[in-house]
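Engineer: Need the 3D shape of this:
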Amino acid sequence: MNIPEASIRNLVAVTRNLIYKHGHEVRNRNTLHPEIREAAQIILDALPATVRQKRLQPFTVELRVFPKKVSLRNVARARYFHTENVFTTLGAGKPRYLFCAHYDTSGHNEDDWNFRRPKAVPGADDNAAGVACLIELARVLAGEARLRGSVDLLFTSCEEYFKKGAIAFVAHLPQTDPGYDAVLVLDSFAFRRDKPLLGLFHNQEASQLAERIASLWSSTGSGGEIYRRVLHTSREIGSDFDVLRSMGAPALQVSEHSAMGDEIDGDVNSKFHTQGDTIDQLDFRVMKGVVDMLARFVMGE
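Structural biologist: So this is what the prediction gives:
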């Protein structure tokens, strides 16, 4: 089957547009910063006009903002923040898949987590790369008559704030929702290293899914190795995967590490959650390979 291939040029352009504004200034996609709504609109506009149900899914997050000095009179206060997930559907019918990538960022400092003065970090590997891959997948598959079944693309906000975007998505699914045959999450997987390497973290139900994804990765000619780790029900990876796998479908995350210290090897992204997580840290060969792999998967190759 002749599968349309992803374009590295498109991936670079979408990634750059998400990270930067005015050509060089970092766009503040920090979790719960007001400017993050610009990023949601950029994603919406970048999706092909031909896809169905392209829309924002708004939700509200309650914050507990803690003062630097806590006392009986100076305690945490509640604030409410309005943000959006971005959602679209490719194809129709069964099998039905959900692909997810979060678009918000975070930095390692106290003010980020108290949301007093959240700083803008590029968030290239975490997770502009995942967002760009799903947008490029939509372009590759848009109008593809041979698409087998349907693919829902979910771009979440507030992953860095206790996965609130994924929680809101699951909570608002209708009771009549037929469920998914597989869930795949892209998060922090495109860090450039000497030899390409794809990490697959999955639940026990997704063992066959992981084998198929690994085989398709090899068929893309991207080279490198495959790392697999089965995550038991009680084990969290620290991403939207933890929430989305609760829907009961086989679930898998493409990633280079987890919050539980399950790094693939010693060559992980040391710029994670810092100002150094820039676009020049990305391996666009890996990103192209991931898009081609997912296209082959949904086309039934």
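Engineer: which stretches of the stretch 151-300 of the chain form helices?
Structural biologist: Taking DSSP state H, counting those that start in this stretch as the criterion, the stretch 151-300 of the chain contains helices spanning 164-171, 207-219, 241-244, 284-298.
Engineer: buried ones in the second one?
Structural biologist: Spelled out, that is helix 207-219. Across helix 207-219, burial judged by 16 or more other C-beta atoms under 10 Å covers 209, 210, 212, 213, 214, 216, 217. Backbone N, C-alpha and C define where each C-beta goes, glycine included.
Engineer: gap between the second one and residue 197?
Structural biologist: Looking back up the chat, that one is residue 210. Separation of residue 210 from residue 197 (C-beta to C-beta, to the nearest Å): 15 Å.
Engineer: got it, and the first one?
Structural biologist: Remark: distance between residue 209 and residue 197 (C-beta to C-beta) = 19 Å.
Engineer: Please report the number of neighbouring residues for the closest residue to residue 144 other than its chain neighbours.
Structural biologist: Nearest residue to residue 144 in three dimensions, chain neighbours excluded: residue 4, at 7.0 Å (C-beta to C-beta, 6 or more residues apart in numbering). For residue 4, the neighbour count with other C-beta atoms under 10 Å is 14.
Engineer: Poorly predicted segments of the stretch 101-250 of the chain, please.
Structural biologist: 108-118, 232-234 (pLDDT under 70).
Engineer: Where do the strands of it begin and end?
Structural biologist: 150-156, 182-186, 197-202, 225-230 (DSSP state E, counting those that start in this stretch).
Engineer: out of these, deepest packed?
Structural biologist: Each of the strands of the stretch 101-250 of the chain was scored by mean neighbour count; the highest is strand 182-186, a mean of 28, by mean count of other C-beta atoms under 10 Å.
Engineer: elements contacting that one?
Structural biologist: strand 96-102, helix 129-141, helix 241-244, strand 251-254 (3 or more C-beta pairs under 8 Å, 6 or more residues apart in numbering; DSSP states H and E).
Engineer: so what's the closest residue to residue 228 other than its chain neighbours up against?
Structural biologist: Nearest residue to residue 228 in three dimensions, chain neighbours excluded: residue 200, at 4.8 Å (C-beta to C-beta, 6+ apart). Residue 200 sits next to 210, 213, 214, 226, 227, 228, 229, 252, 253, 254 when contact means C-beta atoms under 8 Å, 6 or more residues apart in numbering.
Engineer: so who does the nearest residue to residue 102 once chain neighbours are set aside touch?
Structural biologist: In this structure, residue 102 finds its nearest non-sequential neighbour in residue 159, 3.3 Å apart by C-beta to C-beta, 6+ apart. Applying C-beta under 8 Å, 6+ apart to residue 159 gives the contacts 31, 102, 104, 127, 165, 166, 187, 239, 240.
Engineer: same question, residue 291
Structural biologist: Per C-beta under 8 Å, 6+ apart, neighbours of residue 291: 6, 11, 133, 136, 137, 140.
Engineer: And it, how close does it get to residue 97?
Structural biologist: Counting by C-beta to C-beta, the gap from residue 291 to residue 97 is 14 Å.
Engineer: Same check on residue 293?
Structural biologist: In this view, residue 293 and residue 97 are 13 Å apart by C-beta to C-beta.
Engineer: picking that back up, save the helices and strands packed on strand 182-186 as CSV, and put in distance to residue 178 and mean neighbour count too.
Structural biologist: Compiled in CSV, the helices and strands packed on strand 182-186 are given as follows (distance: least, C-beta to C-beta, whole Å; neighbours: other C-beta atoms under 10 Å):
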stretch, distance to residue 178, mean neighbour count
strand 96-102, 7, 25
helix 129-141, 21, 26
helix 241-244, 16, 24
strand 251-254, 17, 27
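Engineer: mind checking which of those is nearest residue 287?
Structural biologist: Among those, helix 129-141 comes nearest to residue 287, with 5.5 Å by C-beta to C-beta.
Engineer: Report the distance from the closest one to the chain centre.
Structural biologist: Here helix 129-141 is found 11 Å from its chain centre; the criterion is C-alpha atoms, centre = their mean, to the nearest Å.
Engineer: which secondary structure elements does it contact?
Structural biologist: helix 8-19, helix 36-46, strand 77-91, strand 96-102, strand 150-156, strand 182-186, helix 284-298.
Engineer: and with 10 Å instead?
Structural biologist: helix 8-19, helix 36-46, strand 77-91, strand 96-102, strand 150-156, strand 182-186, strand 251-254, helix 284-298 (3 or more C-beta pairs under 10 Å, 6 or more residues apart in numbering; DSSP states H and E).
Engineer: That helix relative to helix 36-46, how many degrees between them?
Structural biologist: 20 degrees (axes from the mean of the first three to the mean of the last three C-alpha atoms, to 10 degrees).
Engineer: what angle sits between helix 129-141 and strand 150-156?
Structural biologist: Using the same axes, to 10 degrees: helix 129-141 against strand 150-156 is 150 degrees.
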